[in-house]
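J.: with the sequence up front, the predicted model follows.
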Amino acid sequence: MQLYLREKYLRRIRGFYHSADLIKVITGIRRCGKSCLMQMIMAELREQGISAERICYLNLDRRGFKHLKGPEQLDELIASHLQQGSLNYLFIDEIQNVDNFESVINSWREEGCCSIFITGSNSYLLSGELATKLTGRYLEFEMYTLTFDEYLGMKAFCGQQVADNLLLELQNYLQEGGFPRAVTIESLEDKRTYVANVVEEIFHKDIRRRVKIRNVEAFEAVRRYLFSNFGATYSVNSLQIALKKTGLNISRLTLHRYLQVLVEAKILYECERFDLKSRRALAGERKYYLGDLSFYFSLNTDNRLNYGPLLESPVFFYARSLNYRVSIGRIGNLECDFILRDTALDYAYVQVAYTIAASAETEEREYRALERIKDNYPKYVMTTDYLLQRRNGIRHVNLMEFMRAGERF
């Protein structure tokens, strides 16, 4: 079976294919393509001449492995599949299904006989124990649903027509989201049914089974509010006040816990505020973006497009998929939508707007914050405009063309 290659993730992992001393952990929201990424890696290993006998793939979500609950059983299963006397390549999908898996995985890592790849659907099942038991012995590669460039690429890969009008494709992407399986579904109604079921699966398998939520009604109310108001800036205190206006009285401690659960299940992604003067992250206020935009349209009756947070979200995940750290910027009293930092510790600054052609005031608002930044790192105003402005060295780019080309900031 041919798969649409998620090259931006493969590129980051390739250098570690044969590293037996480091466990490769692939995390991401359910149905974002982690299992398929494993299949792509296995295909590349076979192309490199690795025999099929040395490649072991175990999907612990499959019916035949439902009995696996303890570390001893997992250890026996792995031992029965590995070849003696050569480097094996061990792939385990949904490893969080086995309690205390960390000790088993680490013991096989210490054996030095296999290069290990594992996946999990949520970070709270992985990062906590991994951080304490496997410190320095694993690398985490986070996957997201399809970014806009990947969405276009997968449509073409599946033989679907990609419109010449990229604004139309962007509107489709904003409403349909980026779950790979949803791209192959024909009708919008069926896409939304699929996404609603993905959300239910996440809540059932990644939250309700694993986390004790005493007041489910309050938790659902918080979730609905954040789904309807994603992309807004909140502190726990301001969110508590906003929820109180809707009739929900909830303690700050409980609200903080609910937010943590939603973030760790990768339903929400948080974007911290960063002060450009001190070059430090600011405690408290942050923005929350949906793990996939389709959540909003599949679970709400409002189909109107509010292009503010809707356009920020694709840019946020596009940057994250290219391994940038992303923050909200503050320059005095002004805001910069995103401050990006790459692995070389270089920065880029980004403002996102639907258009700056509507008025001089709109243009001034988007450029003013960037013009206050006095360093020489690149600065961008990203819009859907095709008539591009030139001003003080700041790049005005069409965000659809920028992402389609796979450009870096």
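T.: Thanks, I have the structure now.
J.: please count neighbours and contacts with C-alpha atoms only from this point.
T.: OK.
J.: give me the phi and psi angles of the spatially closest residue to Ile185 that is not a sequence neighbour.
T.: Nearest residue to Ile185, sequence neighbours excluded (Cα to Cα, 6 or more residues apart in numbering): Lys191, at 6.0 Å. Note on Lys191: backbone dihedrals following degrees, to the nearest 10 are phi -60, psi -50.
J.: hmm, Lys191 is touching Ala182, no?
T.: Yes: using Cα atoms under 8 Å, Lys191 is in contact with Ala182, at 5.4 Å.
J.: what's the overlap in contacts for these two?
T.: Glu176 (Cα atoms under 8 Å, 6 or more residues apart in numbering).
J.: count the residues that sit near the residue nearest to Ile185.
T.: 22 (other Cα atoms under 10 Å).
J.: check contacts around it.
T.: Glu176, Ala182, Val183, Ile185.
J.: try it again at 10 Å.
T.: By Cα atoms under 10 Å, 6 or more residues apart in numbering, the contact set of Lys191 is Gln175, Glu176, Gly177, Phe179, Arg181, Ala182, Val183, Thr184, Ile185, Asn197, Ser294, Ser298.
J.: and the closest residue to Arg330 other than its chain neighbours, how far from Ala319?
T.: Once flanking residues are discounted, Arg330 sits nearest to Asp275: 5.0 Å by Cα to Cα, 6+ apart. For Asp275, the distance to Ala319 (Cα to Cα, to the nearest Å) stands at 19 Å.
J.: the more surrounded of the two?
T.: Neighbour totals were compared for Asp275 and Ala319, and Ala319 leads with 22 against 18 (other Cα under 10 Å).
J.: buried sites along the one helix or strand the more buried one maps to?
T.: Assigned by DSSP states H and E, Ala319 belongs to helix 307-321. Neighbour-count burial for helix 307-321, with 16 or more other Cα atoms under 10 Å as criterion, is recorded at 309-321.
J.: output the contacting helices and strands for the helix or strand following it.
T.: Using DSSP H and E, the helix or strand that follows helix 307-321 towards the C-terminus is strand 325-331. Contacts defined by 3 or more Cα pairs under 10 Å, 6 or more residues apart in numbering; DSSP states H and E place strand 325-331 against strand 268-275, strand 280-290, helix 307-321, strand 334-341, strand 347-352, helix 360-371.
J.: just the CA atoms of the shortest one, as CSV, please.
T.: Taking only C-alpha atoms (Å, rounded to 0.1, in the frame of the first residue of the first chain), the coordinates of strand 347-352 have been written out as CSV:
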residue,chain,number,x,y,z
TYR,A,347,14.3,34.1,15.9
ALA,A,348,11.6,35.1,13.4
TYR,A,349,8.5,37.4,14.0
VAL,A,350,5.1,36.9,12.4
GLN,A,351,1.9,38.8,12.2
VAL,A,352,-1.1,37.1,10.7
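J.: adjacent strands (with direction) for that strand?
T.: strand 334-341 (antiparallel), strand 379-383 (parallel) (DSSP bridges).
J.: by mean pLDDT, show me the worst of the ones you listed.
T.: Lowest mean pLDDT of the strands paired with strand 347-352: strand 334-341, a mean of 92.
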